[in-house]
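A.B. asks: everything below, folded, please.
(3 chains)
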Amino acid sequence: MPTKNIIWFRNDLRLTDNPALTEACKSGQIIPIYIIDESDTYPAGKASNAWLQQSLTDLNKVLNNHLLILKGQPLDIISKLIKNEGCTSVYWNRCYTPYAIKRDKHIQKTLTKQGIDIFSFQASILWEPWTIKNQQGSHYKVFTPYYKKGCLQATDPRTPLKKPKITFVQLKKKYPIDKIVINTEKYDWTKKLLQQWSIGETGAKKRLTAFIKNDLHNYSQGRDFPALEHISKISPYLHFGEISPNQIYYAIKQLDYSDHETEAFLRELAWREFSYYLLYFYPNLATKNLKTNFDHFPWKNNKKHLIAWQQGMTGYPLIDAGMRELWQTGFMHNRVRMVVASFLIKNLMIDWRKGEAWFWDCLFDADWASNSASWQWVAGSGADAAPFFRIFNPVTQSKKFDPEGVYIRKYVPELAKLDNKSIHDPSSATPIALQQAGITLGKTYPKAIIDLKSTRQRALEAYQTIK
DNA sequence: TGAAATGTTGGGGCG
DNA sequence: ACGCCCCAACATTTC
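C.D. replies: Residues are numbered from 1 along each chain as shown, chains lettered A, B, ... in the order given. Predicted coordinates:
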């Protein structure tokens, strides 16, 4: 009689390089499950959930319709399944959010007591936080030494595993796939957004291959120009584990060349690791300033400004293009993410947590670790963060990185007819230029909601008060 | 993975 | 031809 193993999929929605799946298959027959965890303290945002639906649909397909998608309390669901089907072990790949760590520990303890074997694996990060320590035996606080001395001197990451041979358990009972997940009606608005992506494990591999072929050679420079899209766009796949960081890492390492470009890309992958690392040592990363002096920062609570930012109606075209890209595609180019975040935090002086929340809801790639670490990075309140006084000028950034206004015209079409010089800052364009482009400020496109120079000054003065 | 203010230099216009 | 000034262009400092 072969053993019956539950493989609990979480952020590892793939069959290749999936250690928990591989081991579960080695030792017996499997019951693959996904649980919509109702007690998660920070449930995924709307965009993220929409992606998840598609991803689960795809995973179910490659599992020949054997994936059970169940909703409720994970411990209850797993216990019931064990009892109904006579399982002897549960396999999963480790998660690293504070909530998941606590939940999994509890489940492991409870089930072990009942004689069930729990096997957990490392699958979604290259280096687990507790394995990387500095010379004093503490955790690193600065990225470069963390990466160079910590990670790169540590054991090499696992090389990717092949897809295992799977035998499914013949279930004794029926388990209705949860309708909430498969119901697309609720997320009708996301249909169009999702069509722009090829979701699932195969799509992830295609995306990576295309990036390596077309964009990697020019990554370090090209990634700064939002119109070029010389970026990997792999983050949503990586978040849900449709591809593993190991697969990406070795796809780059095993190229027949290694240069400034490949290094630059691997460094970005390492920033993701650093985010997980920080989250592990600072479980409140998403809610509390790592630099506590920021607790006294005089944030403005201007609802109108926040909404203008969210809707892409600030009157600064690069900001508005970025925010509309987010709304229309569930994604935003990285350079623009930094600029819009700087604008919200420093020019509007709105608490970074408001921005973090909006991104959490709108981004397909919304990731608890990366999102909070990155917002704290821009705010200057995080570990090894950008200094507060590094304030982006959205007009300067626009001229530098979207000189022809290609990106702006794509997402802010009402400015399409403006000339290349005026398009970066319509509020300071000549009346003739505006008229020729058919633009009436305040009517067809908003007037700049704030003045850059004075708000910059205001931010610097506010920063002085908390120093 | 800035930007603005301030400092320095050197070519060219001009009296 | 010379000194003076202007001001780009670049470098350094500051936030």
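A.B. asks: rest of the way, CA atoms for contacts and neighbours
C.D. replies: OK.
A.B. asks: three-state assignment of the residue of the stretch 151-300 of chain A found nearest DNA strand B?
C.D. replies: DNA strand B sits closest to residue A:268 of the stretch 151-300 of chain A, with a gap of 6.1 Å, by Cα to the nearest atom of the strand. Three-state call for residue A:268 (DSSP: H, G, I helix; E, B strand; the rest coil): helix.
A.B. asks: phi, psi for residue A:119 please.
C.D. replies: phi -120, psi 120 (degrees, to the nearest 10).
A.B. asks: what about the residue lying closest to it once chain neighbours are set aside, neighbour count?
C.D. replies: Leaving aside its sequence neighbours, residue A:119 sits nearest to residue A:91 (Cα to Cα, 6 or more residues apart in numbering; 4.8 Å). If you count neighbours by other Cα atoms under 10 Å, residue A:91 ends up with 24.
A.B. asks: surely residue A:91 meets residue A:21?
C.D. replies: Yes - here residue A:91 reaches residue A:21: they are 7.2 Å apart, a contact under Cα atoms under 8 Å.
A.B. asks: what sits in contact with each of those two?
C.D. replies: residue A:7 (Cα atoms under 8 Å, 6 or more residues apart in numbering).
A.B. asks: the stretch 351-467 of chain A against DNA strand B: which residues are in contact?
C.D. replies: Neighbours of DNA strand B within the stretch 351-467 of chain A, by Cα under 7 Å from any atom of the strand: A:389-394, A:396-397, A:453.
A.B. asks: ok and the residue in the stretch 1-150 of chain A nearest DNA strand B?
C.D. replies: Closest point on the stretch 1-150 of chain A to DNA strand B, by Cα to the nearest atom of the strand, is residue A:143, at 9.0 Å.
A.B. asks: my guess is that residue meets residue A:272, correct?
C.D. replies: No - the criterion here is Cα under 8 Å, and residue A:143 misses it with residue A:272 at 10.7 Å.
A.B. asks: what sits against the closest residue to residue A:272 other than its chain neighbours?
C.D. replies: Leaving aside its sequence neighbours, residue A:272 sits nearest to residue A:370 (Cα to Cα, 6+ apart; 6.0 Å). Contact analysis of residue A:370 by Cα under 8 Å, 6+ apart lists A:272, A:275-276.
A.B. asks: name the member of those residues with the most neighbours.
C.D. replies: Most surrounded of the contacts of residue A:370: other Cα under 10 Å gives residue A:276, at 25 neighbours.
A.B. asks: skip the chain neighbours and tell me the closest residue to that one.
C.D. replies: Residue A:276 sits nearest to residue A:369 (Cα to Cα, 6+ apart), 5.3 Å away.
A.B. asks: tell me, how many residues neighbour the one you found?
C.D. replies: Neighbours around residue A:369, by other Cα under 10 Å: 22.
A.B. asks: and it, that one's in a helix?
C.D. replies: Yes - assessed with three-state DSSP, residue A:369 lies in a helix.
A.B. asks: residue A:465: neighbouring residues, count only.
C.D. replies: 12.
A.B. asks: list the contacts for it?
C.D. replies: Here residue A:465 is in contact with residue A:297 (Cα under 8 Å, 6+ apart).
A.B. asks: sec struct for it, please.
C.D. replies: Per three-state DSSP, residue A:465 ends up helix.
A.B. asks: mind checking pLDDT for it?
C.D. replies: At residue A:465, the model reports a pLDDT of 96.
A.B. asks: surely residue A:313 meets residue A:321?
C.D. replies: No - between residue A:313 and residue A:321 there is no contact under Cα under 8 Å: 9.2 Å.
A.B. asks: and stretch A:352-366, which residues are buried?
C.D. replies: A:352-353, A:355-356, A:359-366 (16 or more other Cα atoms under 10 Å).
A.B. asks: wait, residue A:230 sits on residue A:212?
C.D. replies: No - Residue A:230 is beyond contact range of residue A:212, at 10.0 Å (criterion: Cα under 8 Å).
A.B. asks: returning to what we had before: contacting residues for the residue of the stretch 1-150 of chain A closest to DNA strand B?
C.D. replies: A:271, A:274, A:384.
A.B. asks: could you find the closest non-adjacent residue to residue A:203?
C.D. replies: Closest to residue A:203 by Cα to Cα, 6+ apart is residue A:197, at 7.8 Å.
A.B. asks: that older thread, most neighbours among the contacts of residue A:143, which one?
C.D. replies: residue A:274 (27 neighbours).
A.B. asks: distance-wise, check it relative to residue A:134.
C.D. replies: From residue A:274 over to residue A:134 the distance is 14 Å, taken as Cα to Cα, to the nearest Å.
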